[in-house]
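**Student:** Give me coordinates for this.
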Amino acid sequence: MTKLLVTQTVSVIARPHTTRAVIKGLGLRGPGSSVTVENTPSFRGMIKKVLHLVKVEEKKS
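**Tutor:** As a prediction, this is how the structure comes out:
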């Protein structure tokens, strides 16, 4: 199964609480932080909500 490398590129300052909660739920802590997550529908949905704040790369595992 493939994994996704998610990197936060933009700060969550002046963003709605729900957006901040999704970023925190992904495990991101600030601009420049990265996390590797499974390629599941739940994670893809979270990423879709904050796609304007993150960069996503596919990793083979």
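
**Student:** Next secondary structure after the host helix or strand of residue 36?
**Tutor:** Take DSSP states H and E as the rule and residue 36 turns out to sit in strand 34-38. Downstream of strand 34-38, the first helix or strand assigned by DSSP H and E is helix 41-49.

**Student:** Quick check: which helices or strands does that following helix pack against?
**Tutor:** Judged by 3 or more CB pairs under 8 Å, 6 or more residues apart in numbering; DSSP states H and E, the packing partners of helix 41-49 are strand 3-8, helix 17-26. C-beta coordinates here come from the backbone N, C-alpha and C atoms, glycine included.

**Student:** What strands flank the first one, and is each parallel or antiparallel?
**Tutor:** Right, strand 3-8. Sheet pairing of strand 3-8 (DSSP bridges) gives strand 34-38 (antiparallel), strand 54-59 (antiparallel).

**Student:** Quick check: which of those strands is nearest to residue 10?
**Tutor:** Nearest of the strands paired with strand 3-8 to residue 10, taken as CB to CB: strand 54-59 at 8.0 Å.

**Student:** So, low pLDDT: which residues of the chain?
**Tutor:** The chain contains residues with pLDDT under 70 at 61.

**Student:** about what we covered before: got the angle between the strand holding residue 36 and helix 41-49?
**Tutor:** For strand 34-38 against helix 41-49, the angle by axes from the mean of the first three to the mean of the last three CA atoms, to 10 degrees is 140 degrees.
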